[in-house]
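>>> sequence and predicted structure, then a few things I'm wondering about:
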2 protein chains.
Amino acid sequence: MTPDDIGAFFAAPGSVDPEAYLELDVTFECAGDPRVAAAHLCSEQSTAQWKRVNVHEDFRPQFAAKVITLQTEPQPDGFSIAVTDAPRGPVHRCRATIIHPHGNFGPRLPNLMSAVMGEGLFFTPGVPLVRLEDIRFPESYLAHFEGPQFGVAGVRAQLQAYDRPIFFGVIKPNIGLPPEPFAALGYEGWCGGLDIAKDDEMLADAPWSPLAVRAAALGAARRRAERETGVPKMYLANITDEVDRLCELHDVAVSAGANAVMVNAMPVGLSGIRALRRHARVPIVTHFPFIAAFSRVATHGVHSRVITRLQRLAGADVIIMPGFGGRMMTPETEVLENVRACLEPMGSLRPSLPVPGGSDWAGTLATVHRLVGSTDFGFVPGRGVFGHPMGPAAGAASIRAAWEAIAHGVPLEEHAEHHASLRAAIEAFGTH
Amino acid sequence: MTPDDIGAFFAAPGSVDPEAYLELDVTFECAGDPRVAAAHLCSEQSTAQWKRVNVHEDFRPQFAAKVITLQTEPQPDGFSIAVTDAPRGPVHRCRATIIHPHGNFGPRLPNLMSAVMGEGLFFTPGVPLVRLEDIRFPESYLAHFEGPQFGVAGVRAQLQAYDRPIFFGVIKPNIGLPPEPFAALGYEGWCGGLDIAKDDEMLADAPWSPLAVRAAALGAARRRAERETGVPKMYLANITDEVDRLCELHDVAVSAGANAVMVNAMPVGLSGIRALRRHARVPIVTHFPFIAAFSRVATHGVHSRVITRLQRLAGADVIIMPGFGGRMMTPETEVLENVRACLEPMGSLRPSLPVPGGSDWAGTLATVHRLVGSTDFGFVPGRGVFGHPMGPAAGAASIRAAWEAIAHGVPLEEHAEHHASLRAAIEAFGTH
């Protein structure tokens, strides 16, 4: 590109109609001139060839992505990660804000992803390492999306659960247990105090646990638990399957007795979530397989909050995400950014309930509550409820006891003196 | 886990029915005992809790993933990439082969992905860096998948193109040009010698180029080019859109005149490709946005050949992939592994045509042909045809002239003496 060509991929902040553009925060490492690399980043994701040969025209004013800010810092030691066939030259680490005209592709999730995290971003000359850090949408773009059908308030209303976290439990053993004993575990969990008993994200419509049979067994167990406790409960059925079966499996699960459905968002595709959203009569919960593959490395890939925003855009009422603690290998700031992406204003889209999860038990609830800074979250133990030495009812009771301690400002150990389930949880899980 | 628990996640090669298991090659870096880490990798992706509390049972024999080989090497300098909240302890770099019982989830792509590249793989205690390197399927699993409907032979038959590469061209300018002038470019490309003129992967069903209008214009141009050249041609329409529109857009495009359709595989979801495969009447071509996000870093994520295998499983007749040369920042061995994954035996599934692409022009054809080692590939220039200084017809002619030179063993420069289009291509693109 000539200096003029490069200049056409830069714009002054405020010089364009903000409603016509998405805004992207991108970090990258490049060899050579960072301004040239940044211009290529824009060119490759939009109008890589902006005119026909021998025709006097220029598609860049309307169709080009453009850099509006660029910070650069020399990296004398070269690229932070060795990349085969990396380009040569002095290396800079850069942060750019890029505006991308959404009229290039419209309000379609796969085309949005192709534009902002596709070939353009990851195959820019001189830029072997690049990460899409964040994305912002104008109202004009958001207006095309339905977003969550129920959102935080809808889920709370359905459960009659206010001013406290929502208590989930992943029924374990997750794989291999037939529907009837599986439902018996769910029943115990609900009776002990769970709001929502859920399938594991790996439990599918399997021959040894067909979804229709499982949902019927869990539905019956749920209604029994509701009658006995006098409190509404949810059975969250994992309907993850081939994308063209989602609506059918939603109907199968819901008519059998599930009152929420879970889908593994990235393996199915975010677009499949959006299609299900238009069909669903119950809350949609998304789960996080196949995100850490591209979000864990700090200098390459896509930041997880971008995927959280897209899940909310697609209509997830509840978003299960990697939570706090060393086990999940996710920086605390990243978890909090994902929580915020669920709850903060986003056009007229309802908030999604964030569920930061990972090896939780009664003893981790206070930390999650403190870090999130509000009660608008879900708490999702697996073994912390279903591996509790006194059984799932006690497991669930230990979680509720831990919440009582927090709500009343009583130290956990002190509260455990009067709650056997909590004391047993501390003994079983507190030494890890 | 106790030593006994750990042992239950190991198996001797040959001790299990191979038809019941997928085989995974995994590399990982761990802190602490590599055997414990490898056992956790298996446990987390299958039966993380293998029994109910106070019930004498064990789901591991039937349902556990198991390590069958494990090689380890100390890494005195620690993890190869700094990871926030990385576990502590002596670091090893390891390579394991894991068998995973596919009966846990069945022949469903999203459930397969959730199992082998989901929470289990990426959230194993002590393992912050891990990469799924390869996957092998037994016949019993492959038998549930249709695979490509046309495959290499079907595409060749449709084009009447044998014993040579298939010549694609990406019509440029890719973004902003309305259907009529866009079709005029395609027409010129076909007349110059392209087999297939294609939409860019970012060109969608946009208001300034509605798919129905574009496909009608390109269809008419294609039929005219076929009449004038006497040779079958293809217009490859990008139907990438929300997944529940794919079949409708296939019908729109095909009835208007497209005779192949392209989908961006990962943004739409592989499961969407499989659903389209059951509906499609023309070859399906998949494109590669959003793969490098998780495949470029050598020590974390998923190797691109795994995604190539899944695309073939899903039914892609043609797979466009990052090709050779520094521009694509993909190691030569990786490109070749992807080419092989398209062509090598895979149960009774037809081969997919591999199209390694990236900044190609007449001068790069010989290298691609030499490296691939056969004529079973597609060659896909963009600007190399549509940015040719003499126009798209000459651009396409320059590619065909380059192939003549290769086929007759004539040096390119010498052949260019008698072919103005080739000479102009060398002058325009040969100095980069």
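Looks like it came in fine.
>>> stretch A:138-145 and chain B in contact?
No: using Cβ under 8 Å from any Cβ of the partner chain, stretch A:138-145 never reaches chain B; the gap is at least 11.0 Å. Just so you know, the C-beta spots here come from the backbone N, C-alpha and C atoms, and that holds for glycine as well.
>>> against residue B:242, how distant is the residue of the stretch 151-300 of chain A found nearest chain B?
The nearest approach of the stretch 151-300 of chain A to chain B comes at residue A:269, 2.3 Å away (Cβ to the nearest Cβ). Using Cβ to Cβ, to the nearest Å, residue A:269 is found at 10 Å from residue B:242.
>>> shared neighbours, these two?
Both residue A:269 and residue B:242 are in contact with residue A:110, where contact means Cβ atoms under 8 Å, 6 or more residues apart in numbering or on different chains.
>>> which pLDDT value goes with the closest residue to chain B within the stretch 1-150 of chain A?
Using Cβ to the nearest Cβ, residue A:118 is the residue of the stretch 1-150 of chain A that sits closest to chain B, at 3.0 Å. Residue A:118 carries a pLDDT value of 96.
>>> contacting residues around the residue of the stretch 151-300 of chain A closest to chain B?
Taking Cβ under 8 Å, 6+ apart, one finds A:110, A:243, B:243, B:267-272 in contact with residue A:269.
>>> and for residue A:362?
The contact partners of residue A:362, taken as Cβ under 8 Å, 6+ apart, are A:381, A:384, A:398-399, A:401-402, A:412, A:422, A:425-426, A:429.
>>> and it, how far from chain B?
16 Å (Cβ to the nearest Cβ, to the nearest Å).
>>> distance of the residue sitting furthest away from the middle of chain A from residue B:359?
For chain A, the largest distance from the centre (Cα atoms, centre = their mean) belongs to residue A:54, which lies 47.5 Å off. Residue A:54 sits 22 Å away from residue B:359 when distances are taken as Cβ to Cβ.
>>> next one: residue A:367
Taking Cβ to Cβ, one finds residue A:367 at 50 Å from residue B:359.
>>> quick one, which of these two is more surrounded?
residue B:359 (19 against 14; other Cβ atoms under 10 Å in any protein chain shown).
>>> quick one, phi/psi of that one?
Per-residue torsions, residue B:359: phi 50, psi 40 (degrees, to the nearest 10).
>>> the stretch 151-300 of chain A: strands as residue ranges?
A:166-170, A:196-198, A:234-238, A:260-264, A:284-287 (DSSP state E, counting those that start in this stretch).
>>> is it possible to get a markdown table of these that adds mean neighbour count and distance to chain B?
As requested, these are exported to a markdown table (neighbours: other Cβ atoms under 10 Å in any protein chain shown; distance: least, Cβ to the nearest Cβ, whole Å):
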| stretch | mean neighbour count | distance to chain B |
| --- | --- | --- |
| strand A:166-170 | 26 | 9 |
| strand A:196-198 | 29 | 14 |
| strand A:234-238 | 28 | 9 |
| strand A:260-264 | 27 | 5 |
| strand A:284-287 | 30 | 8 |
